[in-house]
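S.K.: the amino acid sequence is not available; the structure is as follows:
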């Protein structure tokens, strides 16, 4: 759905946005958070043969989902394996975690962390693209990624799934997570036009 030049341009922008997210998170929790250079992959929403092996049908992730609407509309999802989410919570807060699943307090804390990342990430991305969007309230869920993708596109035409694989480095600990951007076809076309404008203007 995106060619190599478009993916490279998007990866550069996402890297800038993730750096902004890490800085915002660092300021709030007063602990340095570094995000490794992200790896970007682009799929169609119905490409289950490629998507399912990436996340696994049975694997449950702690997720924070944020819908946004405007001249570009879509869904941003922060996703960590439950163990990674608990580790991130323990490193960024005073909470003591030991269970393999998130309880109510831990879920609320992860929602706050995910919301900080999403807001800073999307805010930076919007500034770079000069978008104008409105955000819905964030939602926390522990689900499989294929389920979220299927639920998002169930009543829509085929869309695009942009998967960002990155590592959050907190107190010398590496925690792997994902940021997903889900777009309808019409929004993918808009995204491609914007990327082409940036490439032609560079």
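M.R.: It's in. What you are looking at is a predicted structure, and each value in this text was computed from that prediction instead of being measured.
S.K.: please make it C-alpha for all contacts and neighbour counts, starting now.
M.R.: OK.
S.K.: so which elements touch the least confident helix or strand in the chain by mean pLDDT?
M.R.: The element with the least model confidence among the helices and strands of the chain, by mean pLDDT, DSSP states H and E, is helix 48-55, at a mean of 80. Using 3 or more C-alpha pairs under 8 Å, 6 or more residues apart in numbering; DSSP states H and E as the contact definition, the elements that helix 48-55 packs against are helix 145-153.
S.K.: coming back round to it: and for the least confident helix or strand of the chain, what's in contact with it?
M.R.: Defining contact as C-alpha atoms under 8 Å, 6 or more residues apart in numbering, one finds that helix 48-55 is touched by 43, 144-146.
S.K.: from those residues, pick the one nearest residue 185.
M.R.: Residue 185 has its nearest neighbour among the contacts of helix 48-55 in residue 43, at 11.9 Å by C-alpha to C-alpha.
S.K.: so that closest one: helix, strand or coil?
M.R.: Following DSSP: H, G, I helix; E, B strand; the rest coil, the label given to residue 43 is strand.
S.K.: which ones are touching the closest residue to it other than its chain neighbours?
M.R.: Nearest residue to residue 43, sequence neighbours excluded (C-alpha to C-alpha, 6 or more residues apart in numbering): residue 161, at 5.1 Å. If a contact means C-alpha under 8 Å, 6+ apart, then residue 161 has 42-45, 180-183 as its contacts.
S.K.: so the residue sitting nearest the centre point of the chain, which state does it fall into?
M.R.: Centroid-nearest residue in the chain: residue 179, 2.0 Å away (criterion: C-alpha atoms, centre = their mean). With three-state DSSP as the basis, the three-state label of residue 179 is strand.
S.K.: residue 91 contacts residue 168, correct?
M.R.: No: taking contact to mean C-alpha atoms under 8 Å, the distance of 11.0 Å between residue 91 and residue 168 leaves them out of contact.
S.K.: those two: which has the busier surroundings?
M.R.: Neighbours per residue (other C-alpha atoms under 10 Å) separate residue 91 from residue 168, with residue 168 holding more: 21 against 17.
S.K.: was I right about that one contacting residue 117?
M.R.: No: assessed by C-alpha under 8 Å, residue 168 is found out of contact with residue 117, at 11.2 Å.
S.K.: in three-state terms, label the residue nearest to residue 43 for me.
M.R.: Taking three-state DSSP, the label given to residue 161 is strand.
S.K.: pLDDT score for it?
M.R.: At residue 161, the model reports a pLDDT of 92.
S.K.: please apply the same query to the one 5 residues further on.
M.R.: Residue-level confidence at residue 166 comes out at 92, pLDDT.
S.K.: doesn't it fall inside a helix?
M.R.: No: counting by three-state DSSP, residue 166 is not part of a helix but strand.
S.K.: spatially nearest residue to it (excluding sequence neighbours)?
M.R.: Spatially, and ignoring its direct neighbours in sequence, residue 166 is nearest to residue 38 (4.6 Å; C-alpha to C-alpha, 6+ apart).
S.K.: and the host helix or strand of residue 111, what does it pack onto?
M.R.: Residue 111 belongs to helix 104-129 when assigned by DSSP states H and E. Secondary-structure packing of helix 104-129 (3+ C-alpha pairs under 8 Å, 6+ apart): helix 4-29, strand 61-70, strand 74-81, helix 82-92, strand 139-143.
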